[in-house]
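A.B. asks: with the sequence up front, the predicted model follows.
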Amino acid sequence: MRRPLGIGVLVLVALVLVLELAAIPVATRIIGSVVSRCVAYDHLEVTSVARPVVPRLLVGRARDVELHATGVVAGDLRLADARLTMQQAYLPWAVGAPDVARADLDLRVDEADLERILRSVVPLGVPVEVELRPDVATLGSSVVPVTLDVEVEVGGDGTVRLRPVRGGELLERLGIGHSFPPGETARVTDLSIEEGALHGALALDVVPGVGTGGGCQEPLGLGAGRAGLAGGA
């Protein structure tokens, strides 16, 4: 009687070990499926997750999760590259109400995507050209003779301020504000202009809801996300 029981335990342990070895690809697929409810993306992978993975996945949780995604579309914003680090991730079948979890997001917005966003909000569809180079963003138009050189700075409370280096007097005359207060659930900790790209870092409070049947029900962007597989633990 003990022998079959011992064999069953060994089989169970072997199964858990096999699942644990395959846990990163499995976690990528599961978390990718959850993320795709909120945003669209070209590629997503779980690059790191605290072990043991399988027991936590069974109860709808994962710890110290790191995600890397490219081509992320959320609303009108496209992120060329995004890396998200979460202390605690909750999946749809998690039992009980999840706690608010801290997360950090590092992102990159390319020059072309930033230019596309500005063109969509400028009145009358006036073409806007954007040039990003270290520390300075130049915004101009060949139709309306306006050129602005802008620097960015982030205050201790997460407020983002655009500081005109050239052409700022026009902003003042038009009464256009150029300070953006931090959000309730996301605070900018760093923002820099580099060659051809805008880099940023945000501290996020992941709002509870996924584990209790809430969360994102409709995607914020168009298209379906496609989860990729991470190649290692």
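C.D. replies: Here it is on my side, so go on.
A.B. asks: how about the helices of this protein, start to end?
C.D. replies: For the chain, the helices defined by DSSP state H cover 2-21, 23-35, 54-58, 111-121, 168-174.
A.B. asks: name the helix or strand of the chain that has the lowest mean pLDDT.
C.D. replies: helix 168-174 (a mean of 59; mean pLDDT, DSSP states H and E).
A.B. asks: so what's A197 up against?
C.D. replies: Contacts for A197 (Cβ atoms under 8 Å, 6 or more residues apart in numbering) come out as 80, 108-111, 132. Backbone N, C-alpha and C define where each C-beta goes, glycine included.
A.B. asks: redo the residues you listed as CSV? Include pLDDT, distance to T147 and neighbour count.
C.D. replies: Below are the contacts of A197 laid out as CSV (pLDDT from 0 to 100; distance: Cβ to Cβ, whole Å; neighbours: other Cβ atoms under 10 Å):
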residue, pLDDT, distance to T147, neighbour count
A80, 96, 25, 18
R108, 97, 25, 17
V109, 95, 21, 19
D110, 96, 21, 16
E111, 95, 16, 20
L132, 95, 14, 21
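A.B. asks: nearest to G155, of the residues you listed?
C.D. replies: V109 (20.3 Å; Cβ to Cβ).
A.B. asks: from V152, how far off is the closest residue to the closest one other than its chain neighbours?
C.D. replies: Leaving aside its sequence neighbours, V109 sits nearest to L198 (Cβ to Cβ, 6 or more residues apart in numbering; 4.5 Å). L198 sits 8 Å away from V152 when distances are taken as Cβ to Cβ, to the nearest Å.
A.B. asks: overlap in contacts of those two?
C.D. replies: 137, 191-192.
A.B. asks: please convert those to TSV, extending it with distance to V160, pLDDT and neighbour count.
C.D. replies: Shown next, in TSV, are the shared contacts of L198 and V152 (distance: Cβ to Cβ, whole Å; pLDDT from 0 to 100; neighbours: other Cβ atoms under 10 Å):
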residue	distance to V160	pLDDT	neighbour count
A137	13	91	19
L191	6	94	16
S192	11	95	15
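A.B. asks: residue contacts, V53?
C.D. replies: Applying Cβ under 8 Å, 6+ apart, we find V53 in contact with 20, 23-24, 26-27, 62.
A.B. asks: which of those residues tops the neighbour count?
C.D. replies: A27 (25 neighbours; other Cβ atoms under 10 Å).
A.B. asks: name the nearest residue to it, sequence neighbours excluded.
C.D. replies: V46 (4.7 Å).
A.B. asks: what sits against the one you found?
C.D. replies: V46 is in contact with 24, 27-28, 31, 65-67, 230, counting by Cβ under 8 Å, 6+ apart.
A.B. asks: quick check, nearest of the residues you listed to V160?
C.D. replies: L67 (23.8 Å).
A.B. asks: the closest one and Y41, how far apart?
C.D. replies: The value you get for L67 to Y41, if Cβ to Cβ is used, is 10 Å.
A.B. asks: find residues that contact each of these two.
C.D. replies: Going by Cβ under 8 Å, 6+ apart, residues that sit against L67 and also against Y41 are V35.
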